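**Student:** Give the three-dimensional model of this entry:
(chains A and B)
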Amino acid sequence: GAVVSQHPSWVICKSGTSVKIECRSLDFQATTMFWYRQFPKQSLMLMATSNEGSKATYEQGVEKDKFLINHASLTLSTLTVTSAHPEDSSFYICSAILGQMNTEAFFGQGTRLTVV
Amino acid sequence: GENVEQHPSTLSVQEGDSAVIKCTYSDSASNYFPWYKQELGKRPQLIIDIRSNVGEKKDQRIAVTLNKTAKHFSLHITETQPEDSAVYFCAALLNTGGFKTIFGAGTRLFVKA
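**Tutor:** Prediction:
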């Protein structure tokens, strides 16, 4: 199956700093990737849809200036958490799909962000 | 709006028994319904999926049923084993111009040996 790699797998940062998370499709081209956030014992909440070569589409309630998404190539999308605060601590996970319709989503291994 | 409801939130069964998890979705434009298993701290893994033109699909001990009229779909696990213990998420893929996957809240399954 298709492989999606996410880096780093965990990161600890100080409050007020920014953190960049990378999501790469290793063996396929992903025109669309998705970013989710998962708090402990909760579901995956879609934050935004990342489209190659265009602006990301953010879900309602997600601050686009705080969560910067860049999808500069067909194999890489990045999520930057700017001016991180302790409440941003969470499990961030990306996914990509192979095609346009009715298809399996392949997930990265996730990034556990802890803001201290 | 787009919503996927999942029940129960927690399910405890004896090894060998069956487990059933149910979901409903709100958007009739949904046409693909995957089920994921997630172990603690790991990525979700697809275990089975069903498309809107099919009513039922089975893969060994796992089956999924879909009722498009009622907007219901269910996961059935038979002959449960302790290694089935995990959190299970249903999801619905919406394709309305753009497309995205909306997840249910999850069901924590405990299989007691």
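
**Student:** Name the helix or strand for the residue positioned nearest the centre of chain A, please.
**Tutor:** Centroid-nearest residue in chain A, with Cα atoms, centre = their mean: A:W35, separated by 3.5 Å. In this assignment (DSSP states H and E), A:W35 forms part of strand A:32-38.

**Student:** hang on, B:A86 packs against B:E39?
**Tutor:** Yes: with contacts defined as Cβ atoms under 8 Å, B:A86 counts as touching B:E39 at a distance of 5.0 Å. C-betas here are computed from N, CA, C, even on glycine.

**Student:** of those two, who's got more company?
**Tutor:** Per other Cβ atoms under 10 Å in any protein chain shown, whichever of B:A86 and B:E39 has more neighbours is B:A86, with 21 against 12.

**Student:** Sheet-wise, list the partners of the helix or strand bottoming out on mean pLDDT in chain B with their directions.
**Tutor:** Using mean pLDDT, DSSP states H and E, strand B:98-103 stands out as the lowest-scoring helix or strand of chain B, at a mean of 83. According to DSSP bridges, strand B:98-103 forms sheet pairs with strand B:86-96 (antiparallel).

**Student:** Just the residues contacting the partner strand, thanks.
**Tutor:** Where contact means Cβ atoms under 8 Å, 6 or more residues apart in numbering or on different chains, the residues beyond strand B:86-96 that reach it are A:43-44, A:101-102, B:2, B:4, B:6, B:21, B:23, B:25, B:27, B:29-39, B:44, B:47, B:73, B:75, B:99-104, B:106-109.
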